[in-house]
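1. need a 3D model of the sequence below.
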Amino acid sequence: MQEILDMSFAGNDTLAWLRAAAWMVGAVVLMKIILPLVIRRISRWAVSTSTRWDDALVQALRAVRWYLIALVALHPASQELVLRANTERWMSGIATVAFFLQLGLCASAFISGWIVNVRQDSLQKDPSTTSALSILSFIGRVVAWAVLLLLLLDNLGFDVNALVAGLGIGGIAIGLALQNILGDLFASLSIVLDKPFQVGDFVVIDDFSGSVENIGLKTTRLRSLSGEVLVFSNGDLTKSRLRNYKLMKERRIPFTFGLTFDATPEQLEQVPGVVKKVVDTQEQARFDRAHFTGFGGSSLDFEVVYWMLTPDYAAYRDVQQAINLGLMREFAALGVDFAFPTRTLMLGKQGPIAVALAKASGASEADTAQ
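-> Predicted coordinates for the structure are as follows:
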């Protein structure tokens, strides 16, 4: 037995090789047997907690790769052997690369796991935040990999200061070349965090209107009332004046109508009360005011204002229709008539003749007078 231990291979005795092999085998056993047990134990514990960090930790542990850990074990294993400087440098470099690669996988999985848990919670409250969380997840993973890459290069002996300076200059050039894309990217993040609108909101942008279907990294898509999809860049949306009807809690509705000049003052005094009575019959409407505003060219003009208690446009149209029909019935019972465009012509010493100017009529005033 002692003879076997004293045997030498590549300048190292058997015991040194056994110690080096123990590092490698121990790393594999740790990853194949012990780590799964730890993951199951932490997973059961994470289910019983309300925090998201332990769930993200489980995702990070599941990202551990046994072959990368085995390569990391090359470094302590090489310390047990007497190797040439070049060989030891290569083994140390491989172990360093494997270590930072494994660290990057765990960091990326941790960030993704945390974002997924947050997204599941926010999806029920606010679906639009999923876009922002996707952006934050992407940015977080990019930053993590960038930092780990710089640390790796520093450990491998590269001049990181010169590299960072070069990246700064290159970043400026790339930023100028991609300023529109980057502008839309940050505009998307601004939209989701500031929430001027969310998925499902009905918005009006300049001459376009529609319901928000998706808030992407570069563009936002709206579905118009006629069915087509409207695509806007996020940068343009943040610079536009936008009206969001989904945020409206109540809808103020003004409308006017005119009565004929043969209505008596007593009848006109009853009109505001009649209008209030008609509006009050609608459960989704709240009466504000009704006034006799003035004398029009062919009518006695009234202005009415009421509030819809819901922002639903279809409900508003239904209520307005019911109010219009109610006014027609009440005014018929009151004995007043709605006015329509008329003109009175004076012919010599004769009395006035009222001439109705129909919309589709092409007759001249002289023919009408005759």
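
2. Leu35 contacts Arg62, correct?
-> No - contact criterion Cβ atoms under 8 Å: Leu35 and Arg62 do not qualify, at 9.1 Å. (C-beta placed from N, C-alpha, C; glycine too.)

3. what's the neighbour count on Tyr306?
-> Residues near Tyr306, counting by other Cβ atoms under 10 Å, number 25.

4. can I assume it sits in a strand?
-> Yes - Tyr306: assigned to a strand according to DSSP: H, G, I helix; E, B strand; the rest coil.

5. touching, Arg19 and Gln79? I think so.
-> No - here Arg19 does not reach Gln79: they are 9.3 Å apart, not a contact under Cβ under 8 Å.

6. per-residue confidence for Val97?
-> The per-residue pLDDT reported for Val97 equals 90.

7. which SS state does it fall under?
-> helix.

8. what's the distance between it and Leu152?
-> Distance, Val97 to Leu152, using Cβ to Cβ, to the nearest Å: 7 Å.

9. do the same with Glu228
-> Glu228 is 50 Å from Leu152, by Cβ to Cβ.

10. ok, now Ser240?
-> 44 Å.

11. for Phe232, same thing?
-> 41 Å.

12. quick one: low-confidence ranges for the stretch 51-200 of the chain?
-> 82-83, 119-132, 162-181 (pLDDT under 70).

13. mind doing that once more with 50?
-> Across the stretch 51-200 of the chain, nothing is flagged by pLDDT under 50.

14. wait, what's in contact with Cys106?
-> Remark: with contacts taken as Cβ atoms under 8 Å, 6 or more residues apart in numbering, Cys106 is in contact with Ala60, Leu61, Ala63, Val64.

15. doesn't Leu81 belong to a strand?
-> No - assessed with three-state DSSP, Leu81 is coil; it does not lie in a strand.

16. and it, how many neighbours?
-> Count around Leu81 with other Cβ under 10 Å applied: 18.

17. wait, doesn't it sit right on Leu18?
-> No - assessed by Cβ under 8 Å, Leu81 is found out of contact with Leu18, at 10.9 Å.

18. neighbour count: Ser240 and Leu152, which is higher?
-> More crowded of Ser240 and Leu152, by other Cβ under 10 Å: Leu152, with 19 against 13.

19. need phi/psi at Arg251.
-> Arg251 has phi and psi values of phi -120, psi 120 when expressed as degrees, to the nearest 10.

20. I'd like the numbering to begin with 137 instead of 1 from here.
-> With the count now opening at 137, the last piece we talked about shows up as Arg387.

21. contacts only, for it.
-> Trp443, Met444, Thr446, Pro447, Tyr452.

22. let me see the mean pLDDT of the lengthiest strand in the chain.
-> Criterion DSSP state E: the longest strand present in the chain is strand 421-431. For strand 421-431, mean pLDDT is 95.

23. what segments of the stretch 237-386 of the chain are helices?
-> Applying DSSP state H, counting those that start in this stretch to the stretch 237-386 of the chain gives helices spanning 265-291, 296-313, 315-330, 370-375.

24. from the contacts of Arg387, pick the one nearest Phe294.
-> Closest approach between these and Phe294, by Cβ to Cβ: Pro447, at 60.2 Å.

25. so that closest one is in contact with Lys385, correct?
-> Yes - Pro447 is within contact range of Lys385, at 6.6 Å (criterion: Cβ under 8 Å).

26. neighbour count: these two, which is higher?
-> Using other Cβ under 10 Å, the more surrounded residue of Pro447 and Lys385 is Pro447, with 15 against 8.

27. what about the nearest residue in space to that one that is not next to it in sequence, neighbour count?
-> Counting by Cβ to Cβ, 6 or more residues apart in numbering, Pro447 lies nearest to Met384, which is 4.3 Å off, once chain neighbours are set aside. Applying other Cβ under 10 Å, we find 15 residues neighbouring Met384.

28. so Met384 versus Met444, what's the distance?
-> 9 Å.

29. repeat for Gly409
-> 21 Å.

30. and Ser360, by the same measure?
-> Applying Cβ to Cβ to Ser360 and Met444 gives a distance of 23 Å.

31. the strands in the stretch 337-486 of the chain, which residues?
-> 338-341, 344-351, 355-359, 365-369, 378-380, 387-395, 421-431, 436-444, 478-481 (DSSP state E, counting those that start in this stretch).

32. of those strands, which is nearest Ile205?
-> Of these, nearest to Ile205 by Cβ to Cβ is strand 344-351, at 40.7 Å.

33. domains of this protein?
-> 138-313, 328-380, 387-475 (automatic domain parsing).

34. picking that back up, who has more neighbours out of Ser360 and Met444?
-> Using other Cβ under 10 Å, the more surrounded residue of Ser360 and Met444 is Met444, with 21 against 12.

35. in the sheet, who's paired with the more buried one?
-> Beta-bridge pairing for Met444 (DSSP bridges): Arg387, Ala421.

36. what of Ser347?
-> With DSSP bridges as the rule, Ser347 is bridged to Phe338, Arg359.

37. how much space between it and Ser362?
-> 12 Å.

38. do the same with Ala163
-> Ala163 is 64 Å from Ser362, by Cβ to Cβ.

39. do Ser244 as well
-> Distance of Ser244 to Ser362, computed by Cβ to Cβ: 44 Å.

40. of these two, which one has the most company?
-> A count of neighbours by other Cβ under 10 Å puts Ser244 above the other of Ser244 and Ser362, at 20 against 6.

41. in the stretch 387-506 of the chain, which spans are helices?
-> For the stretch 387-506 of the chain, the helices defined by DSSP H, counting those that start in this stretch occupy 401-416, 449-470, 501-505.

42. residue contacts, Gly346?
-> Phe338, Val339, Leu358, Arg359, Ser360, Leu361, Leu366.
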